[in-house]
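Peer 1: prediction below, plus the sequence it came from.
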Amino acid sequence: MKKKVVFLLCFIGTTFFAAAQQKDLKAQQILNGVSNKYKEYKSVQADFTIKVESAGKTIPTEETGTIFLKGDHYKLLLRNQEIISDNNTVWTYLKTANEVQINAYEETDNTISPADIFTLYEKDFLYAYIEEKIISGKALQIIELTPNDKNKPYFKVRLAIDKSARNIQSAIIFDKNGSRYTYDITKILVNPPLSATFFSFDPSKYPGIEVVDLR
């Protein structure tokens, strides 16, 4: 599950990133359009599905979730856990164990904060426009991204961007171990009212909870 969360944050980050050895001006124009539109939002709520196709396994696993973004704060809700960050502290609540793990916020090379989604593609990825497809009546623009850092756990990301809405429709992350992670955005709510306390975790509201402070 932790790996899926890492890749989800990578997906959120790579929704505005960059497969070519030179920057593709058409791809850059499309990504900038998405980024500029996104910057107009004060907050975002997005429902998504994750499909994981593991190497060597014939049956993929699927899960749904919701993510909330406001500035450099985020809250990720999955079936069995919640991950909340106010950019200083990260709380990971494990529902079945009734346990919360508390860590100091720290960006690593393999996890991308949602707060960085507007600028990372400019320096960390190469990107190329591939084609335009009509799927379910929507014109989708396909862009492939490759990280400049070859030590990343993934080697390629394929984005499908709704041409009309200028929103990310889906992304496929290709892991070096042969697995694929497909993220589909099923619904986006713009500017939901989110208070500052929404991006924190209060253990006192969970009777019997075990608190593991790793700071």
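Peer 2: Structure's in. What do you need?
Peer 1: okay, now the unreliable bits of the chain?
Peer 2: Counting by pLDDT under 70, the chain has low-confidence residues at 1-23, 107-123.
Peer 1: which elements pack onto the longest helix anywhere in the chain?
Peer 2: As assigned by DSSP state H, the longest helix anywhere in the chain is helix 25-39. Using 3 or more CB pairs under 8 Å, 6 or more residues apart in numbering; DSSP states H and E, the elements in contact with helix 25-39 are strand 125-135, strand 138-147, strand 167-175. Quick note: C-beta positions are derived from backbone N, CA and C, even for glycine.
Peer 1: buried set for the next helix or strand after that helix?
Peer 2: Following helix 25-39 in sequence order, the next helix or strand is strand 44-53 (DSSP states H and E). Across strand 44-53, burial judged by 16 or more other CB atoms under 10 Å covers V44, Q45, A46, F48, I50, V52, E53.
Peer 1: for I130, give its distance to I30.
Peer 2: 11 Å (CB to CB, to the nearest Å).
Peer 1: joint contacts of these two?
Peer 2: Common contacts of I130 and I30 (CB atoms under 8 Å, 6 or more residues apart in numbering): I143.
Peer 1: between the two, who's got more neighbours?
Peer 2: I30 (21 against 17; other CB atoms under 10 Å).
Peer 1: find the nearest non-adjacent residue to that one, please.
Peer 2: Take I30 and drop its neighbours on the chain: the residue closest to it by CB to CB, 6 or more residues apart in numbering is Q141, 5.6 Å away.
Peer 1: before we move on, the earlier item: okay if I get the buried residues of strand 44-53 as CSV plus distance to T186?
Peer 2: Converted to CSV, the buried residues of strand 44-53 look like this (distance: CB to CB, whole Å):
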residue, distance to T186
V44, 14
Q45, 12
A46, 8
F48, 6
I50, 11
V52, 17
E53, 19
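Peer 1: of those residues, closest to N88?
Peer 2: For the buried residues of strand 44-53, the closest approach to N88 (CB to CB) belongs to V44, at 20.7 Å.
Peer 1: assess the claim that the closest one and L189 are in contact.
Peer 2: Yes - proximity of V44 to L189 meets the contact threshold set by CB atoms under 8 Å, at 7.2 Å.
Peer 1: beta partners for N167?
Peer 2: When assigned by DSSP bridges, N167 has beta-bridge partners D162.
Peer 1: circling back to that earlier point, show me what contacts the residue nearest to I30?
Peer 2: By CB under 8 Å, 6+ apart, the neighbours of Q141 are I30, Y129, E131, E132, A160, I161, K163.
Peer 1: please pick the buried ones from those residues.
Peer 2: Counted by 16+ other CB under 10 Å, the contacts of Q141 give I30, Y129, A160, I161, K163 as buried.
Peer 1: fine by me, thanks again.
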